[in-house]
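**Student:** compute the structure for the input listed below.
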Amino acid sequence: GVKHADRYEPNVNRTYYEMASHYGSAILPTRPRKPKDKAKVEAAVLLTERWILAALRNRRFFSLAELNEAIRELLNRLNEKPFQKMEGSRKLLFESLDKPILRPLPPKPYEFAFWRLSRVNIDYHITVEYVYYSVPYTLVKHEVDVRMTEGIVEIFHKGSRVASHRRAYRKGQMVTDPLHRPKSHQKHMEWTPSRLIDWGKSMGPSIGKLIEEILARKPHPEQGYRSCLGIISLSKRFSTERLEAAAARAIAIGAFSYTSVKSILEKGMEQLELPLFIPETPTPVHENVRGASYYQENRSSKFVH
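**Tutor:** Sure thing, here's the model as predicted:
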């Protein structure tokens, strides 16, 4: 319930707070190291364990309805049991204090939601649960709050909702709203497709070609920004010559991704010579390698007999 305890301003779990607000309830965290603040709650748990759970511990139930009926009978008996040190019972107190001020349930049931904090990448997407969701491009590098239900992902910036998407579950999927895309040649954008391609060409023709292919193979060029920036970051770890050779090899084998180039460099495969073709190796002649004719012969002989 409380994420960060504090004597004056405790930080309440946001999902828990949202549920309480939906039902019009207030959350008042107890003071740390003050067990008497919640003595009544703990006592109610103890009574439930003694008068209901303990009484049913040896019974076997064959349906949820049967179990609920047994619990309801014991619960009514517990609530009607007179207090030992004061007049009345729990049922009488409820009917005189709580019931008169109860409000009807909200017209819509509470929908469980997770809250996350995320930062907008330069491709104007955030990453939540390994899925990429777009936000307006003006929020690049800003922090946003993300609310996730079973079917919807809502994104908030400074309390205002800036985007809403249908929730996706496939790892690596990009959910993009075309209205979030920046117009061409916006001055405030740090990177553009043309700038990325020009940077690649300045390092080497194969690097430029690789970046151009990565951007061209995406539904929206901005979706390839992260791969291109990853390749840019490799220039800090490896020499330009090695990066150019790795890009050439990636193009030759059709591996247009940052992870492929990184793997080539880490394994030193850019130094290997690319074969022009892979010759077909014939199946070796061996008594255990029977071939199709063997089964055809056995099948024919089986039918003959």
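
**Student:** any low-confidence regions in the stretch 201-305 of the chain?
**Tutor:** 220-222, 274-305 (pLDDT under 70).

**Student:** quick one: secondary structure of P29?
**Tutor:** Under the three-state scheme (DSSP: H, G, I helix; E, B strand; the rest coil), P29 adopts coil.

**Student:** residues touching the nearest residue in space to it that is not next to it in sequence, list them.
**Tutor:** With C-beta to C-beta, 6 or more residues apart in numbering as the criterion, P29 has its nearest non-adjacent residue at 4.5 Å, and that residue is P10. In this view, the C-beta of every residue, glycine as well, is placed from N, C-alpha and C. With contact taken as C-beta atoms under 8 Å, 6 or more residues apart in numbering, P10 is in contact with V2, H4, P29.

**Student:** would you turn the residues you listed into JSON lines with neighbour count, pLDDT and distance to M203?
**Tutor:** Output for the contacts of P10, formatted as JSON lines (neighbours: other C-beta atoms under 10 Å; pLDDT from 0 to 100; distance: C-beta to C-beta, whole Å):
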{"residue": "V2", "neighbour count": "14", "pLDDT": "85", "distance to M203": "52"}
{"residue": "H4", "neighbour count": "9", "pLDDT": "82", "distance to M203": "47"}
{"residue": "P29", "neighbour count": "14", "pLDDT": "84", "distance to M203": "56"}
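
**Student:** mind putting those in a markdown table, distance to L67 included?
**Tutor:** Below are the contacts of P10 laid out as a markdown table (distance: C-beta to C-beta, whole Å):
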| residue | distance to L67 |
| --- | --- |
| V2 | 32 |
| H4 | 38 |
| P29 | 33 |
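
**Student:** pick the one among the residues you listed closest to F156.
**Tutor:** H4 (20.5 Å; C-beta to C-beta).

**Student:** the closest one against V12, yeah?
**Tutor:** No. The criterion here is C-beta atoms under 8 Å, and H4 misses it with V12 at 9.2 Å.

**Student:** quick one: the helices in the stretch 101-250 of the chain?
**Tutor:** 193-203, 205-216, 225-234, 240-253 (DSSP state H, counting those that start in this stretch).

**Student:** mind checking those helices for the one nearest to V146?
**Tutor:** Among those, helix 225-234 comes nearest to V146, with 18.4 Å by C-beta to C-beta.

**Student:** distance between the closest one and the chain's centre?
**Tutor:** Its chain's average C-alpha position is 23 Å from that of helix 225-234, according to C-alpha atoms, centre = their mean, to the nearest Å.

**Student:** ok, now which ones touch the residue positioned nearest the centre of the chain?
**Tutor:** For the chain, the residue nearest the mean C-alpha position is E129 (1.6 Å; C-alpha atoms, centre = their mean). E129 sits next to M148, Y169 when contact means C-beta under 8 Å, 6+ apart.

**Student:** relative to V140, how far out is it?
**Tutor:** Distance, E129 to V140, by C-beta to C-beta, to the nearest Å: 21 Å.

**Student:** list phi and psi for E150.
**Tutor:** phi -60, psi -30 (degrees, to the nearest 10).

**Student:** and it, how far is that from S164?
**Tutor:** Taking C-beta to C-beta, one finds E150 at 14 Å from S164.

**Student:** in terms of neighbours, single out the busier of these two.
**Tutor:** Remark: of E150 and S164, S164 carries more neighbours, 13 against 8, as counted by other C-beta atoms under 10 Å.

**Student:** please enumerate the strands of this structure.
**Tutor:** 2-4, 11-12, 114-119, 125-128, 131-134, 143-148, 152-157, 160-166, 174-175 (DSSP state E).

**Student:** out of these, deepest packed?
**Tutor:** Among the strands of the chain, strand 131-134 has the highest mean neighbour count (mean count of other C-beta atoms under 10 Å), at a mean of 23.

**Student:** ok, now which ones touch the closest residue to K3 other than its chain neighbours?
**Tutor:** Distance criterion C-beta to C-beta, 6+ apart; nearest residue to K3, sequence neighbours excluded, is N11 at 4.7 Å. Taking C-beta under 8 Å, 6+ apart, we find N11 in contact with V2, K3, H4.
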